[in-house]
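Peer 1: What would the 3D arrangement of this be:
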Amino acid sequence: MTAPSTAGRANQKLRTRTAILQAAAELSRTGREVSMPEIAAAALVSEATAYRYFPDLVTLLQEVMAGLLPDPAEALASVAHSSDPVERVAAATEFLLRHVQARQGVVRAMIAGAVVRPGQVARPGLRFGLIDYALAPLAETPGAVDPTALAQLKRDLAVVVSAEALFSLTDLCGLDPEEAIASVVHTATTLARAAVQAG
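Peer 2: Residues are numbered from 1 along each chain as shown. The predicted structure is shown next:
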């Protein structure tokens, strides 16, 4: 009996890695809490095998989420025609929060990893791309808003247009997801409107 070829082993490793990533992606869409044992079972591999490919759950989820994040232009196609920053910020906020709500198990795991290992866990930067895209017409219109004020608005929105804001309202304030999303959209558009009015 001959030993498997190097190419054959490499192909098998690739298939196993792909199966783990696909299982994690499928489970991420359920919105439930996701664990390494559950992912391994769905991929039809042992938990030990899953850990050989990914040292921890967060590392695996980072790679999964990177492959699921939409392009900001695609995400905000519904307001591509609009130059109104308030309308665009509303759309960006709602898109992000619905994305978070649909994948909240994975997002919560990523936040937990970032809290436990600050500076070592890079979370996906979807919010920043959405905020930049939403405010692009404002940034590109000379004199529309002071550059310093625009930079401050982006920082303010980064706090509000976030999974943390959504979870604060659902977990701590007891709002249902729809109420929480509406509240965050209200806050984000209030910030955008104030910045535009201040010029």
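Peer 1: For the rest of this, base every contact and every neighbour count on C-alpha atoms.
Peer 2: OK.
Peer 1: same question for the helix or strand hosting residue 131, mean pLDDT?
Peer 2: In this structure, residue 131 is located in helix 126-140 according to DSSP states H and E. Averaged over helix 126-140, pLDDT sits at 91.
Peer 1: and the next helix or strand along the chain from that helix, what does it pack onto?
Peer 2: Next in sequence after helix 126-140, counting helices and strands by DSSP H and E, comes helix 147-160. In terms of contact count using 3 or more CA pairs under 8 Å, 6 or more residues apart in numbering; DSSP states H and E, helix 147-160 is assigned the packing partners helix 126-140, helix 177-198.
Peer 1: Tell me which residues are up against the last one.
Peer 2: The set of residues that contact helix 177-198 without belonging to it, under CA atoms under 8 Å, 6 or more residues apart in numbering, is 85-87, 89-90, 93-94, 97-98, 101, 144-145, 149-150, 153, 156-157, 160-161, 165-166, 169-170.
Peer 1: now it against helix 126-140, angle please.
Peer 2: For helix 177-198 against helix 126-140, the angle by axes from the mean of the first three to the mean of the last three CA atoms, to 10 degrees is 30 degrees.
Peer 1: isn't residue 20 right up against residue 46?
Peer 2: No - with contact defined as CA atoms under 8 Å, residue 20 and residue 46 do not form a contacting pair (10.4 Å).
Peer 1: count of neighbours near residue 150?
Peer 2: Residue 150 is surrounded by 19 other residues when neighbours are defined as other CA atoms under 10 Å.
Peer 1: Give the full set of residues in contact with it.
Peer 2: Under the criterion of CA under 8 Å, 6+ apart, the neighbours of residue 150 are 139, 195.
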